[in-house]
Each structure stands twice: as C-alpha cells, then as structure tokens.
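> sequence and predicted model, in that order:
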Amino acid sequence: MDGGLLTPVVRGVDRMPLSVLSATVRDLADRARAGRIKQHELEGGSFSVSNLGMYGISEFSAILNPPHAGILAVGVAEKRPVVGSDDSLEVATMMTVTLSADHRVLDGALAAQWLAAFQRRIENPVSILI
C-alpha cells in the first residue's frame, strides 16, 4: 500500500475451503487498502506469503517479519525452456518460489519437506480441492 506494508493474519487456513480462504483474503486486502483493518487482524501470524509475481517479478528473497517462522516469496508464472523426458527442448509454465525460515523456530529439514509438499500441490492443483 502507499502507506507501507500490512500483513493481515488469516486464522484457521488449514480448515478453510479454498473459496472461503479466497473471500477472506480479498476482504482483508480491501479493508487494508481502505484503512479499515483492525489491529487484532495484524497480530499473531506465524507464516507469510509475499507475491511480487503479480508485478512481473520472476524471483526474489522475501524478508521475514518477526515473529513469523517463515515467508514464501512467490514469483510470476512464465513460460521458460525446459528439457523434456526425451531430452528434447520444450516450453513450460514455471514459477520460482523461495522459502525463508527462521532457524531458531523452524528446522531447515522440516522447511524443505514443507516446500516439497507445496511443490506437489502447486504442480497438481486439483489435489488442493480434494
């Protein structure tokens, strides 16, 4: 926002249908832009997502916002050359994400497992709905 960065907290994401999560994030973003976000909606977060992909940024390293344990930096989905299974050159839509974690709170191996699970989900989006 023009006035600086706000990171509203969405609680209970693990129990939310995708449609409810989407509506909740949209509502928080709209109210933040309008200056109607409440202080308690900015407190108590543990993990953030920073999306500069919507501005065409391919990759970046997001800065951890204490007391969060991690932040996922999401770049733009763009067509890139890749080597296919038969060693031929192909074009695929690729996206770079970077996970930053506070190792005082989050073990690096657990962070890597989380990132691998994220990759499986994002590469098979139907699994998010099941």
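Cool, the structure landed.
> shouldn't V91 be within a strand?
Yes - per DSSP: H, G, I helix; E, B strand; the rest coil, V91 lies within a strand segment.
> hmm, it is touching P81, no?
Yes - look at V91 against P81 with Cβ atoms under 8 Å: they come within range, at 6.3 Å. All C-beta spots, glycine's among them, are computed from the backbone N, C-alpha and C.
> where do the strands sit along the chain?
47-51, 70-74, 78-83, 89-94, 97-101 (DSSP state E).
> count the neighbours of A109 for me.
8 (other Cβ atoms under 10 Å).
> likewise L42?
Neighbours of L42 (other Cβ under 10 Å): 14.
> list the contacts for it?
L6, T7, P8, V9 (Cβ atoms under 8 Å, 6 or more residues apart in numbering).
> ends of stretch 51-62, how far apart?
Stretch 51-62 has an end-to-end distance of 9 Å (Cα to Cα, to the nearest Å).
> before we move on, the earlier item: make a markdown table out of the strands of the chain and add mean neighbour count, distance to E123 and mean pLDDT.
Conversion of those to a markdown table gives the following (neighbours: other Cβ atoms under 10 Å; distance: least, Cβ to Cβ, whole Å; pLDDT from 0 to 100):
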| stretch | mean neighbour count | distance to E123 | mean pLDDT |
| --- | --- | --- | --- |
| strand 47-51 | 17 | 17 | 93 |
| strand 70-74 | 20 | 14 | 96 |
| strand 78-83 | 11 | 13 | 97 |
| strand 89-94 | 10 | 10 | 96 |
| strand 97-101 | 18 | 12 | 95 |
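> make TSV out of those strands and add distance to L129.
Below are the strands of the chain laid out as TSV (distance: least, Cβ to Cβ, whole Å):
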stretch	distance to L129
strand 47-51	19
strand 70-74	20
strand 78-83	25
strand 89-94	20
strand 97-101	20
